[in-house]
Each structure stands twice: as C-alpha cells, then as structure tokens.
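*Asks:* here you go, sequence then predicted model.
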Amino acid sequence: MEKLEEKCFIGNGAIDKIKKVLKYHFVDSTAALALSTPLFAAVETNPLLAEMPDENSINARLLAAGFVYSGLGYFYGKGRDLWRKKFGITDETRESKQKLHDFIYSAIFTFIVTPPIYFFSGTEQKEILSDNFWAAGVGGVSGIFAGYAIDLFRELVGLEESKRIPELIRKQDSRVKKGLAALLTAGSVCATAGIYQLT
C-alpha cells in the first residue's frame, strides 16, 4: 500500500512539474508574441524596408505564432534564462545591461529561427536572406522589450515576481493583473490588424 501511495505521489509531482512548464511556456510565448507580432508586421510590410507582400507577412506571423506555441516560445524563454544565468544577469543588474543582453540574445535567436518561417510563408528564396537580416534587427530591438514583456507577463499571471516591474503594478490584485495581461494581448492583436489594414 505504501509503495502504491509513493508511486501516486511521484506521479502527482511529475504532473505538477509538467503543468508548471506548460504555464511558463504559454505565458512566455504570449508575452513574446504580443510584443513582436506588430513590430514584425510593420517592418515586413514597409515598402522602404523588407517590402514583403501582406499575404506573405500574414503567413509568416501565423507560422511564427504556431511555432512559438508549439515549443519555440518555451525554448526562447528557457534559453533567455540560461543566457542571463551564464552572464550573471539578475533583476538587480543595471537595466541598460539587461537590455543589451536581451538585444543580443534575441537577435541571434531570431536570425537562426526565421529562415524556415519565411521559406514556408511563400517568401522567394533570394529574398529570405535580406528579410532575415531585417528580422534579426527587429528581433534584437524587440528583444530589448521582450525580456521585460516576459517578466511583466510572468508577474501579471502570478508565475514569478519581478523587481523590474513598477511597484504600482506589482501590488495590484491578481484579477486586475490578469485583466491587464488580457488587455495587452488584445491590444497587440488590434495593432497588428491595424498595420495590415493600412498596407
């Protein structure tokens, strides 16, 4: 009987760990997409920059969202955590240094993962390389804020406290925080739709 209870306890512990990993994955993915999707849409469709047709850009954003929620977002978030640990970056580290590391990490990550997204979105092969450089630049810039966005969303949904977030937000009720997370996500969707409407 004790062995059976022990097995059940181990099973419950594993289930709890899986739930925690999935929560972090979903929150990190949503945070990264809420910030990056409108930025990528704006650069991709800009006639002075990437000059990508709307259809290809929309396909790329949908593919990116699919990849991110399929596991890429988890790897981005965990990779960022490992990067920060390797370079001794904490919430106490000077904000400018945190942003520099987020820029570098995100630019490298974006440069590696973007080519297949553009390839499957219908972008011509000869344009993938130049579009990828634009993407890496946007990824780097969005990375400055994506790191903060991940910390913010983790705080808002109650996964992890962050001293980077203003105290005014940190001391709010959990319902208010979750409402703010939903509002930010909806705002991103509306901003992206507005960009495609303009182009």
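*Replies:* On my side now, so go ahead.

*Asks:* does the spatially most central residue of the chain lie in a helix or a strand, and which?
*Replies:* Among the residues of the chain, the one closest to the centroid is Ala32, at 1.8 Å (Cα atoms, centre = their mean). Ala32 is located in helix 2-44, with elements delineated by DSSP states H and E.

*Asks:* what's near enough to touch the residue nearest to the centre of the chain?
*Replies:* 68, 73, 76-77, 146, 149-150 (Cβ atoms under 8 Å, 6 or more residues apart in numbering). No exception for glycine: its C-beta is placed from N, CA and C like everyone else's.

*Asks:* relative to Leu62, which of those residues is nearest.
*Replies:* Distance to Leu62 across those (Cβ to Cβ) is lowest for Val68, with 10.7 Å.

*Asks:* am I right that that closest one is in contact with Val27?
*Replies:* No - between Val68 and Val27 there is no contact under Cβ atoms under 8 Å: 11.9 Å.

*Asks:* near the closest residue in space to Gly158 that isn't next to it in sequence, how many other residues are there?
*Replies:* What sits nearest to Gly158 in space, not counting adjacent residues and going by Cβ to Cβ, 6 or more residues apart in numbering, is Ser174, at 5.7 Å. For Ser174, the count of nearby residues is 10 (other Cβ atoms under 10 Å).

*Asks:* likewise for Tyr148?
*Replies:* 19.

*Asks:* one more: Ala14?
*Replies:* Using other Cβ under 10 Å, the number of residues around Ala14 comes to 10.

*Asks:* ok, now which ones touch it?
*Replies:* Ala14 neighbours (Cβ under 8 Å, 6+ apart): none.

*Asks:* what about the chain, any weak spots by pLDDT?
*Replies:* The model of the chain has pLDDT under 70 over residues 1-12.

*Asks:* where do the helices sit along it?
*Replies:* Using DSSP state H, the helices found in the chain span residues 2-44, 54-67, 73-86, 95-121, 125-156, 167-170, 174-198.

*Asks:* looking at these, which one is packed in the most?
*Replies:* helix 125-156 (a mean of 20; mean count of other Cβ atoms under 10 Å).

*Asks:* and Arg164, its phi and psi?
*Replies:* Dihedral angles of Arg164 (phi, psi; degrees, to the nearest 10) stand at phi -70, psi -20.

*Asks:* excluding sequence neighbours, find me the nearest residue to it.
*Replies:* Using Cβ to Cβ, 6+ apart, the nearest residue to Arg164 is Asp151, at 5.2 Å.

*Asks:* quick check: that neighbour vs Thr114, distance?
*Replies:* Counting by Cβ to Cβ, to the nearest Å, the gap from Asp151 to Thr114 is 24 Å.

*Asks:* and what of Lys78?
*Replies:* Applying Cβ to Cβ to Lys78 and Thr114 gives a distance of 19 Å.
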